[in-house]
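**Q** Sequence and computational prediction follow.
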Amino acid sequence: MRRNVPDHAEKKKNKVVGVEVLLELPKTLSKPNKKWQLAFIKIYCSRTLLNCAKHAIRKPGLLFPRSLSYTAIDLDHHQKDDHHGDHFKIDTETLNDLVKNKNQEKLESLGGPNGLVSALKTNTRVGINEEADEIERRRLTFGSNTYTRQPSKSLFYFVVEAFKDLTILILLGCATLSLGFGIKEHGVKEGWYDGGSIFVAVFLVVAVSAVSNFRQNRQFDKLSKVSSNIKIDVVRNGRRQEISIFDIVVGDIVCLNIGDQVPADGVFVEGHSLHVDESSMTGESDHVEVSLTGNTFLFSGTKIADGFGKMAVTSVGMNTAWGQMMSHISRDTNEQTPLQSRLDKLTSSIGKVGLLVAFLVLLVLLVRYFTGTTKDESGNRDYNGKKTKSDEIVNAVVKMVAAAVTIIVVAIPEGLPLAVTLTLAYSMKRMMKDQAMVRKLSACETMGSATVICTDKTGTLTLNQMKVTDFWFGLESGKASSVSQKLVELIHQGVGMNTTGSVFKAKSGTEYEFSGSPTEKAILSWAVEELKMDMEEVIGEHNVVHVEAFNSEKKRSGVLMKKKNGEVNVVHWKGAAEKILAMCSTFYDGSGVVREIKEDDMIQFEKIIQSMAAKSLRCIAFAYSEDNKDIKKLKEEKLSLLGIVGIKDPCRPGVKKAVEDCQFAGVNIKMITGDNIFTARAIAVECGILTPEDEVNSEAVVEGEEFRNYSQEERLAKVERIKVMARSSPFDKLLMVKCLKELGHVVAVTGDGTNDAPALKEADIGLSMGIQGTEVAKESSDIVILDDNFASVATVLKWGRCVYNNIQKFIQFQLTVNVAALVINFVAAVSAGEVPLTAVQLLWVNLIMDTLGALALATEKPTNDLMKKRPIGRVAPLITNIMWRNLLAQAFYQISVLLVLQFRGRSIFDVTEKVKNTLIFNTFVLCQVFNEFNARSLEKKNVFKGLHKNRLFIGIIVVTVVLQVVMVEFLKRFANTERLNWGQWGVCIAIAAASWPIGWLVKSVPVPEKHFFSYLKWKKRS
């Protein structure tokens, strides 16, 4: 029976439900279902009543409400908790429409950017609450900042691709015919061996190739995910912090600076002079201005071209146009590197030779067969005209075709592209551990050819841990305590308002946290700790009227502002000391008195700057003026100098050794910096870029402006002698790169700023900085140096040379096998009418040299010996004279020995024809195993050095030998072999092992530096 509800509860009767109502069940339920439903509801209700007793509805205004004779539940309260979206005053659909369609009317109806920020339960200054529950609620309500990617290529895809090879398809056709004829002639039990063994061998080759390519594809996918994990600055709980782009949620306040990628769709809420490059979305190259009074919308995937600001995130992941676009773009890893293109041409040339040899072999075999020259094991002629059955003829022809096709398979070095892929994938993985992330495959190999490295100073040669160590007020080196209060206040304004950094202090802690660029952090730290600046107070007392963001051309930044209760516009400038000094006509001394800068004073100031620069200090000056009438343009003359600070950025430990290593390897190092000529010279000497001889040479150090003003002929004549370029702009860097490339150099360039993008793109190898680098710089580069350390650049150089060297080793090894296999099969076919190596045996050799050989030789680690060679350069031949010497010597030895076995093997060892063929096969394979050791070093006689460090190489050799033993001793029918005794195995091993002393002797033979083929070209010309 229901009780009567009192008046004060009756007002909310639509939100109150009695227990009896909850227990009402549908009449259509069966009895067992009713019991379960009743049990569930009773448990649910009991828990709900206990948990929600505190939410029992009370009549407003009653101090002592009488207790109710029932418990009422306010369902509205719980609905708000259950539906995450109800927590916010705006839904996902409205937010998506807002930015995608640039719906200004909708934004105004919400109360503009401030109203939107309020609706998203966030705050422009403080940001969102960084508690895990709050972040997760926003993620559940509005989605995560990830997008669905195209699925990776499966293993089945690579298997299908491997089967598309024409030679493989022909072999499968031959295997099918051989299998059919064999079963018809000898029955299923005996007749499947020939065709079946070819099938097994083909499937084995396809499987190994497909698995290898699949693994490399997975490796590239992993690296792709790492490269897309961009770090973004956001404000949470009032603290500026760096988070992954994938962790951004709707409501986050994102800090944007020049070169940053906009991480999600959003609305501009604060900032100045913000210009966005929307070309990635719209294709338009013109930069779009974003401001509170005009266009306020920011799109995911676009880049900040100028200025700085904050945005409130409105849409993330698949709710953005960028996310939807990226989800339809497949990450294709079929990028062709220059070396791969050259290898394709080499493969094509060798393939044509193999095709010709195979055709001639087939022709000779067919002629000999049909003329009755070939005989079976009993000495009877294979072909007896009309007496021979048609099945026997077709079967014999199929075997000949299979042999010819197999010769093509062995001749075509399809292992070369695989070797390149393997060594690139392996080196990419290892370089990642050495703090270098490869964005473009071609950079791996091109870096090995580099002849010049143009490097930045800050953060690359130095630690980028800046600290103010020297400061001057007027012409006196001062202490904060001795400076007048007025001057301190002006410096507080100049530092606190003219900055892209921020200061955070936790309520409970005493330590300050500084964010921004290293220079900004150093200046903020000095102002807060030495001059006792209260950042919040300074910002709270002033309004910004106009901002001129830092410009790498002008080397300065400025702000026009006024006090909140004042009317006078004040301009503050901060930048390179000599640039700011040139704008000043007066200066403040330590006591706060304004004095005119006379000629003697100017000389004195210049000496102060030079003395600080000579101590490797970066000099920053502050200036201001109260007389600024134009609110759109900052005054640039007749300013008052407030002070000069010297910032110390110590050289990185080990950078001098890295520079020396590069110079010893024949690579010239040039330092390009924005610092003044004295600071640049001091750092260059400290890092070992400038030697004592260079200090005498006046052309070793130049300023960017001087280099810019040279004529093109002068630049080309002097650029190789220049080692340091000071006060340079990004255009000067680009100009130097172009000049060096014109002279035939392979140029690597480091860069971190947005304006470095043209030079990074123009260079043969662009190296961006992972810590200080902007997203624009990273996207323009080929390799990202994750720790911003020059030592990592030297490591990349070493890896580049290693990649090139490994591929050359494999080419030498592969061509030795190709030449030997082709000559042996051709000579045997012409002379004896049969091929000593069967289709299955040749496929096994192909597997050893292509896949296993590539794995063994392509994964050698770089050695210090690589840095003792001169750079390879742009036009060096792929197959050097040294390689021709090594491979021709080994191939000649193998051909000689195997032909002796072919024609005199039976009489020498007194064995049957089948045993002789097995000896030839076994010796040939073991020769490749021993020659694999020779290929480990192209020039060094000791091929065993460092062998214990390469476990993969040892493992592959062991696996190859074990499988060869199995092939010869246990797979007689499959491999068409006979078992060998201990003596015969000893002979095979002894013949193969002779390749070691031959290799040792051959490496003593000198070869000319000029390439062999260049003599042929010279003869043709003459």
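**A** Noted; the coordinates are in hand.
**Q** ok, which stretches of the stretch 751-900 of the chain are helices?
**A** 757-762, 775-780, 790-832, 839-847, 853-858, 881-909 (DSSP state H, counting those that start in this stretch).
**Q** Figure out which of those helices is closest to Lys486.
**A** Taking C-beta to C-beta, helix 775-780 is the member of those nearest to Lys486, at 41.4 Å. No exception for glycine: its C-beta is placed from N, CA and C like everyone else's.
**Q** which helices and strands does that closest one pack with?
**A** Judged by 3 or more C-beta pairs under 8 Å, 6 or more residues apart in numbering; DSSP states H and E, helix 775-780 is in contact with helix 757-762, strand 765-769.
**Q** Highest mean neighbour count out of the helices of the stretch 751-900 of the chain?
**A** helix 853-858 (a mean of 26; mean count of other C-beta atoms under 10 Å).
**Q** picking up where we left off before, mean pLDDT lowest where, among the helices of the stretch 751-900 of the chain?
**A** In terms of average pLDDT, helix 839-847 trails the rest of these, at a mean of 76.
**Q** relative to helix 790-832, how tilted is that helix?
**A** Calculated by axes from the mean of the first three to the mean of the last three C-alpha atoms, to 10 degrees, helix 839-847 forms an angle of 160 degrees with helix 790-832.
**Q** Show which residues not belonging to helix 839-847 make contact with it.
**A** 171, 174, 197-198, 200-202, 204-205, 208, 402-403, 405-407, 409-410, 817, 821, 837, 921, 924-925, 928, 967, 974-977 (C-beta atoms under 8 Å, 6 or more residues apart in numbering).
**Q** Whichever of those end up buried, select them in ChimeraX.
**A** Typed into ChimeraX, the line below selects the buried ones among those, using 16 or more other C-beta atoms under 10 Å:
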select :171,174,197,198,201,202,205,208,402,403,405,406,407,409,410,817,821,837,921,924,925,928,967,974,975,976,977
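**Q** circling back to that earlier point, of the helices of the stretch 751-900 of the chain, which is nearest Leu441?
**A** So among the helices of the stretch 751-900 of the chain, helix 790-832 is nearest, using C-beta to C-beta, at 9.9 Å.
**Q** Okay, angle between the closest one and helix 881-909 too, please.
**A** 40 degrees.
**Q** In JSON lines, list the helices and strands packed on helix 775-780 along with distance to Val568.
**A** Output for those, formatted as JSON lines (distance: least, C-beta to C-beta, whole Å):
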{"stretch": "helix 757-762", "distance to Val568": "40"}
{"stretch": "strand 765-769", "distance to Val568": "41"}
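**Q** Out of the ones you listed, which is closest to Lys389?
**A** Across the helices and strands packed on helix 775-780, closest to Lys389 is strand 765-769 (C-beta to C-beta), at 66.1 Å.
**Q** Gly986: which of the helices and strands packed on helix 775-780 is closest?
**A** Of all these, it is strand 765-769 that lies closest to Gly986, at 51.6 Å by C-beta to C-beta.
**Q** Helix or strand next in line after the least confident helix or strand in the chain by mean pLDDT, which one?
**A** Using mean pLDDT, DSSP states H and E, the weakest-scoring helix or strand in the chain turns out to be helix 75-82, at a mean of 40. Later in the chain than helix 75-82, the nearest helix or strand by DSSP states H and E is helix 92-100.
**Q** Tell me where the stretch 401-550 of the chain has helices.
**A** Using DSSP H, counting those that start in this stretch, helices in the stretch 401-550 of the chain cover 415-433, 442-446, 485-497, 518-529, 535-541.
**Q** tell me the most buried of those?
**A** Of these, helix 442-446 is the most buried (mean count of other C-beta under 10 Å), at a mean of 25.
**Q** ok now it, how far from the chain's centre?
**A** 12 Å (C-alpha atoms, centre = their mean, to the nearest Å).
**Q** Not counting that helix itself, show me its contacts.
**A** 335, 337-339, 424, 427-428, 431, 438, 746, 764-766, 782-783, 799-800, 803-804, 807.
**Q** Kindly recompute the last result at 7 Å.
**A** For helix 442-446, the surrounding residues in contact (C-beta atoms under 7 Å, 6 or more residues apart in numbering) are 337-339, 424, 427-428, 438, 746, 764-765, 782-783, 799-800, 803-804.
**Q** try stretch 108-121
**A** Contacts of stretch 108-121 (C-beta under 7 Å, 6+ apart): 87-90, 107, 123-124, 250-251, 267-269, 292, 296, 312.
**Q** Quick one: buried ones out of the residues you listed?
**A** Using 16+ other C-beta under 10 Å, the buried ones in those are 88, 90, 107, 123-124, 250-251, 267-269, 296, 312.
**Q** Let me have these in CSV, extended by distance to Gln261.
**A** As requested, those are exported to CSV (distance: C-beta to C-beta, whole Å):
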residue, distance to Gln261
Phe88, 26
Ile90, 25
Leu107, 23
Asn123, 24
Thr124, 21
Val250, 18
Gly251, 19
Val267, 17
Phe268, 16
Val269, 18
Thr296, 19
Ala312, 17
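**Q** rewinding a little: Throw the helices of the stretch 751-900 of the chain into CSV and include distance to Val483, thanks.
**A** Listed next are these as CSV, based on distance: least, C-beta to C-beta, whole Å:
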stretch, distance to Val483
helix 757-762, 42
helix 775-780, 39
helix 790-832, 38
helix 839-847, 79
helix 853-858, 65
helix 881-909, 69
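**Q** among those, which is nearest Lys656?
**A** helix 790-832 (9.7 Å).
**Q** got the angle for that closest one vs strand 765-769?
**A** Using the same axes, to 10 degrees: helix 790-832 against strand 765-769 is 140 degrees.
**Q** Give me the buried stretch members for the helix or strand hosting Leu560, please.
**A** For Leu560, the host element (DSSP H and E) is strand 556-563. Using 16+ other C-beta under 10 Å as the test for burial, strand 556-563 gives 556-562.
**Q** partners of it in the sheet?
**A** strand 542-551 (antiparallel), strand 570-576 (antiparallel) (DSSP bridges).
**Q** Using the three-state scheme, assign the nearest residue to Asp456 once chain neighbours are set aside.
**A** With C-beta to C-beta, 6 or more residues apart in numbering as the criterion, Asp456 has its nearest non-adjacent residue at 5.1 Å, and that residue is Thr750. Following DSSP: H, G, I helix; E, B strand; the rest coil, Thr750 is assigned to strand.
**Q** now the nearest residue to Trp1000 once chain neighbours are set aside: how far from Pro997?
**A** The shortest distance from Trp1000 to any non-neighbouring residue, by C-beta to C-beta, 6+ apart, is to Lys941 (5.2 Å). Going from Lys941 to Pro997 by C-beta to C-beta, to the nearest Å gives 10 Å.
**Q** out of the two, which sits in the more crowded spot?
**A** For Lys941 versus Pro997, neighbours defined as other C-beta atoms under 10 Å are more numerous around Lys941 (12 against 9).
**Q** Test my guess that the more buried one contacts Val1002.
**A** No. Between Lys941 and Val1002 there is no contact under C-beta atoms under 7 Å: 9.7 Å.
**Q** Helices along the stretch 201-350 of the chain, start to end?
**A** 279-282, 321-327, 338-370.
**Q** So which of the contacts of stretch 108-121 is the closest to Ser831?
**A** The nearest member of the contacts of stretch 108-121 to Ser831, counting by C-beta to C-beta, is Val250 at 80.0 Å.
**Q** Quick check, the closest one in contact with Arg139.
**A** No. Contact criterion C-beta under 7 Å: Val250 and Arg139 do not qualify, at 8.5 Å.
**Q** ok, what's across the strand from the residue nearest to Gly643 when sequence neighbours are not counted?
**A** When the adjacent residues along the chain are set aside, Gly643 lies closest to Phe473, with 4.8 Å between them (C-beta to C-beta, 6+ apart). Counting by DSSP bridges, Phe473 is bridged to Glu476.
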